[in-house]
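>>> Need a 3D model of the sequence below.
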Amino acid sequence: MEEYANDPAGRTPEETEHGNQARRFAKWHVYRERGYETLPRYKNPDAIVGAMLAVGATPPATVDEYFGEFIECLRLHDADRTAELPVDGIDPADIIAYRQDLYVEPDPLEQEPPMTDRFAEYFSDPAQTLENVFGDVDPSLEDLTALVQGEAELAVSLPEFEIEAVSDVHYLHGDRITAERTTGDGPHEREPDASLELLPLDPEVFDSTRELLFSHLGNQVRDCYLLMGCEPPSVFQQQGLGTVEGTRKQQMYNQYEEYYSTDSPVSSWKPGNG
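Next up is the predicted model:
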């Protein structure tokens, strides 16, 4: 059993992060066992899975309506056309990530069994998920509805979610150590069920906006598990950009591999002790 210094000042950064993992897992455990919302919805895998399914079930044209400005910001920034960005009062050079909140219905946290467990039982791996949800071409809404309603030979089915509303585009800005979040004008006072947060990238590397967002949210679920010190379910064991917090920790601490990067092979999906 690992022993760490009683005085936090005497711990290594990796030891401190190990303690943070334990605290995150404790909050998750209380939520799962007692039903208390002990962590923000946008950091709760069950809520994020609901948002994934809502995005996947939304027609491509509607996805573009909801998230067109968000995608355009990523495209302009990646192409060094920051002067064209619709930002107010922020130096585009200080923007770390673009964010947009999602609200879905029905409430993903009121589903039984919990959504992450059902999703992981329904799909076996990331490639199968994308193939079934998107295939080689975008499926019709009817196709995806039939998918989430389940099939006779499957032990579980997935409920139908839809996007209730989205916020304005907002930003994470500052430097790589300290950062501030701007808050988008959301339609509700409640917490969003998920929050897209992507570094500038070329959206054209994905077949569609819907596939980009679906994959990104899946990577966020992955990061939630990793930051609790847990191995993600196999269906979420894919590389790519997830949460900004997860990306930073994977860059800073030895117990994480570069799960955010599609160019670095992963040797283990179980975080180490550093």
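>>> Secondary structure element holding Ile163?
Here Ile163 sits within strand 162-166, counting by DSSP states H and E.
>>> If you could redo that for Ala26, that was the one I meant.
Taking DSSP H and E as the criterion, Ala26 maps to helix 13-34.
>>> Which of the residues in that helix are classified as buried?
The neighbour-count criterion (16 or more other CB atoms under 10 Å) identifies 14-18, 21, 24, 27-28, 31-32 as the buried residues of helix 13-34. Heads up, the C-betas are built off the backbone N, CA and C, glycines and all.
>>> thinking in terms of the whole chain, how far from its middle is it?
Centre-to-centre, helix 13-34 and its host chain are 18 Å apart (CA atoms, centre = their mean, to the nearest Å).
>>> C-terminal to it, what's the next element?
As assigned by DSSP H and E, the chain's next helix or strand after helix 13-34 is helix 45-56.
>>> Next, the angle from that following helix to strand 162-166.
Angle between the axes of helix 45-56 and strand 162-166 is 100 degrees (criterion: axes from the mean of the first three to the mean of the last three CA atoms, to 10 degrees).
>>> Helix 45-56 vs helix 13-34, what angle?
Put simply, helix 45-56 runs at 80 degrees to helix 13-34, going by the same axes, to 10 degrees.
>>> Helix 45-56 - what's its average pLDDT?
In this model, helix 45-56 has a mean pLDDT of 96.
>>> again with stretch 11-19
Computed over stretch 11-19, the average pLDDT equals 87.
>>> Extract the C-alpha set from that stretch and format it as PDB.
Listed next in PDB are the C-alpha coordinates belonging to stretch 11-19 (Å, rounded to 0.1, in the frame of the first residue of the first chain):
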ATOM      1  CA  ARG A  11       4.000  15.300  -1.000                       C
ATOM      2  CA  THR A  12       5.000  15.100  -4.600                       C
ATOM      3  CA  PRO A  13       2.600  16.500  -7.300                       C
ATOM      4  CA  GLU A  14       1.700  12.900  -8.200                       C
ATOM      5  CA  GLU A  15       0.900  12.000  -4.600                       C
ATOM      6  CA  THR A  16      -1.300  15.100  -4.300                       C
ATOM      7  CA  GLU A  17      -3.100  14.100  -7.500                       C
ATOM      8  CA  HIS A  18      -3.600  10.600  -6.100                       C
ATOM      9  CA  GLY A  19      -5.400  12.200  -3.100                       C
END
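>>> Distance from it to the middle of the chain?
On CA atoms, centre = their mean, the centre of stretch 11-19 falls 24 Å from the chain's centre.
>>> so how many other residues sit close to the closest residue to Pro232 other than its chain neighbours?
Nearest residue to Pro232, sequence neighbours excluded (CB to CB, 6 or more residues apart in numbering): Tyr225, at 4.0 Å. Neighbours of Tyr225 under the rule other CB atoms under 10 Å: 23.
>>> Please report how far Tyr225 lies from Phe236.
Distance of Tyr225 to Phe236, given as CB to CB, to the nearest Å: 7 Å.
>>> before we move on, back to that, show the model's pLDDT score for the residue nearest to Pro232.
Here the pLDDT value assigned to Tyr225 is 98.
>>> in which helix or strand would I find it?
For Tyr225, the host element (DSSP H and E) is helix 209-227.
>>> What is the distance between that helix and the centre of its chain?
Distance, centroid of helix 209-227 to centroid of chain: 4 Å (CA atoms, centre = their mean).
>>> and His77, what is it in contact with?
85, 92, 95, 98, 200 (CB atoms under 8 Å, 6 or more residues apart in numbering).
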